[in-house]
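> Sharing a model that was predicted from the sequence below.
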Amino acid sequence: MSTDQRTIQANTMQNESEERLILALVTTGGFTHAAPVLDVCQALAKRGHTVDFATLDGQENWIKNYPFIRRVHSLGPGPTEEQYREHWSRMLKHDAKKGVGSEMWESKYLWDSFFPITYKGLRKVCIDPETRPSFIIADFFAELAAKDMMAELGIPIAIMWPQMPFLLAPASYIPGQPGFQAVISTTSEHASLMSRLKNELVMVCAMPSFLVWLRWLTALRKKAGVRYPSPIQLTASSRPICLVLVNSFFGLETPKDLPPLMAPVGPILADEFPTLDQPHGSFLDSHNRTAYVALGTHINLTQDIFDKLFSGLVQSLSLGHIDGIIWSLPARTRENLYHEQQLEVDGELFSLGDLLDNKASSVFFPTYSPQRAVLDHKNVTIFVTHAGGSSANEVAYHGKPALVIPFMFDQLCNAVRLEEAGIGLRLDKFDFTQDEVTSRIALITEDEDGTFARNVLRLRRIARVAARRKHLAADLVEEVLYDDELRRGNKKGWQADQCI
């Protein structure tokens, strides 16, 4: 072995043990987009790597439970509270059966309008030798800016998705694009020919609007100073050009063949979670058949949806299917409800305002609940959920049957997935009735043939094994990182000389 070869080998062995700088990138969408990215980064931090966090202004407090973060980079102003409220209001109105409607496009334009801020702020971080990361792990809402850093500066990246990404690794037996289906279907096995056709036509019918958006995005990128073609991957290839991490697992997701750079690594959940406080603990200890209701921190329920759901729950109380209700109801939703209406609970009349003040012994309305601790309690017998990515993973991991009211995007798919996995039933947000709520709760809680209990246990066992895969995510990040370091050599990107 020559002297040069021995030197290279020694340097390589030394470099493998050195820490790298990992940048977690999360911009719009809320904290639920940040949690899985930060949890994977925590696994990397425990291996000795340094982790920085890049986000938009006002979101720096997301790292309060992640003390390993060395530095926070504020990239610029983020969405206002009003913009978030308008987005969630649009999603309440969105009807998936009508395809990719104006509500979804309006929100798509909103999130993408933050690209210039994200791109400029991120590029500034990445060209500074003191803060340039060795690797970027980005939420899928920040995918485009992350891919720009990969193309422009040669920084390897991973994109975190809450479900299998649309357009990538398609399977012939999955009709349409999950999240954009007119008739939500996990597979075509029991789908009619008409429903398959409707699902395939959703993206075709959206093409005119898509082309308008693409022209707008191209102009936006040019104005932001991007001087090369977009690395966004459309239909040119069904295989990813970077590492793709999916915060879900087969058992919830429909199994399919995947290329090497795509991996299901969920459910990504924190190793520890907040314990029950006294009010929650006391209520659960005194009610052994409790229904826990949580429809997300952002969904601002209408009075009609609240009335039908609550009336169905109260009816279930009177029939003995459950003996208590915990409904985690954010302050924003409370403000929109009519507090003077009279409701009967446990044979007594209460105003809604009194119920919200917890005057009824069988109903508890906190503004916040430590969800995982509640779900982990033996006296919770059913979870009424919107089936967001985090909630779908948690209901599987903690082993509870679910009654699902989905509102948008992956929630619609997760509702069907939970139902087909045999651990839940779903309601349509537009036309469900009080009696449907009661009858479905009865089916789940009575469970005459034990099917729900068996499937809940089955999925719980699978989810607990799959939850170890956040360490696989860290492994994959390191594999791609080490390969990139020595494969590229001194080459930093497609246009590194012109861009730096």
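Great, that's in hand.

> show me the contacts for residue 284.
Applying CB atoms under 8 Å, 6 or more residues apart in numbering to residue 284 gives the contacts 276, 290, 324, 326, 374, 377, 379, 380. No exception for glycine: its C-beta is placed from N, CA and C like everyone else's.

> can you redo those residues as CSV with pLDDT and secondary structure?
Shown next, in CSV, are those (pLDDT from 0 to 100; DSSP: H, G, I helix; E, B strand; the rest coil):
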residue, pLDDT, secondary structure
276, 96, coil
290, 97, strand
324, 94, strand
326, 97, strand
374, 97, helix
377, 97, coil
379, 97, coil
380, 97, strand
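
> pull the CA atoms of the strand or helix carrying residue 318 into PDB?
Element membership for residue 318 (DSSP states H and E) is helix 303-319. What follows is helix 303-319, C-alpha atoms only, in PDB (Å, rounded to 0.1, in the frame of the first residue of the first chain):
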ATOM      1  CA  GLN A 303     -71.600  24.700  15.400                       C
ATOM      2  CA  ASP A 304     -73.400  22.100  13.300                       C
ATOM      3  CA  ILE A 305     -70.500  19.600  13.400                       C
ATOM      4  CA  PHE A 306     -70.100  20.200  17.100                       C
ATOM      5  CA  ASP A 307     -73.800  19.700  17.900                       C
ATOM      6  CA  LYS A 308     -74.100  16.500  15.900                       C
ATOM      7  CA  LEU A 309     -71.000  14.900  17.300                       C
ATOM      8  CA  PHE A 310     -71.600  16.000  20.900                       C
ATOM      9  CA  SER A 311     -75.300  14.900  20.800                       C
ATOM     10  CA  GLY A 312     -74.200  11.500  19.500                       C
ATOM     11  CA  LEU A 313     -71.700  11.100  22.300                       C
ATOM     12  CA  VAL A 314     -74.200  12.100  24.900                       C
ATOM     13  CA  GLN A 315     -76.700   9.600  23.500                       C
ATOM     14  CA  SER A 316     -73.900   6.900  23.800                       C
ATOM     15  CA  LEU A 317     -73.600   8.000  27.400                       C
ATOM     16  CA  SER A 318     -77.300   7.500  28.100                       C
ATOM     17  CA  LEU A 319     -77.200   4.000  26.400                       C
END
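
> So what's the residue count around residue 255?
By other CB atoms under 10 Å, 10 other residues sit near residue 255.

> ok, it to residue 187 distance?
10 Å (CB to CB, to the nearest Å).

> Could you tell me which of the contacts of residue 284 count as buried?
276, 290, 324, 326, 374, 377, 379, 380 (16 or more other CB atoms under 10 Å).

> Which of the residues you listed sits closest to residue 39?
residue 374 (20.1 Å; CB to CB).

> The closest one: what's it in contact with?
Residues near residue 374 by CB under 8 Å, 6+ apart: 276, 280, 284, 292, 326, 380.

> separation between it and residue 400?
Distance from residue 374 to residue 400, by CB to CB: 10 Å.

> any shared contact partners between those two?
Residues touching both residue 374 and residue 400 (CB under 8 Å, 6+ apart): 292, 380.

> quick one, phi/psi of residue 194?
The phi and psi values for residue 194, taken as degrees, to the nearest 10, are phi -70, psi -40.

> Report the contact partners of it.
Neighbours of residue 194 in contact, by CB under 8 Å, 6+ apart: none.

> by contact count, what packs against the longest helix anywhere in the chain?
Longest among the helix segments of the chain by residue count, using DSSP state H, is helix 470-488. When contacts are defined as 3 or more CB pairs under 8 Å, 6 or more residues apart in numbering; DSSP states H and E, helix 470-488 packs onto helix 3-17, helix 31-45, strand 135-139, strand 157-161, strand 243-246, strand 262-264.

> and the ones you listed, which one is worst for confidence?
Among the helices and strands packed on helix 470-488, helix 3-17 carries the lowest mean pLDDT, a mean of 50.

> Show me what counts as buried in the following helix or strand past that one.
Helices and strands here follow DSSP H and E; after helix 3-17, the next one along the chain is strand 21-25. For strand 21-25, the neighbour count (16+ other CB under 10 Å) marks 21, 22, 23, 24, 25 as buried.

> Repeat that for stretch 388-402.
For stretch 388-402, by 16+ other CB under 10 Å, it's 388-402.
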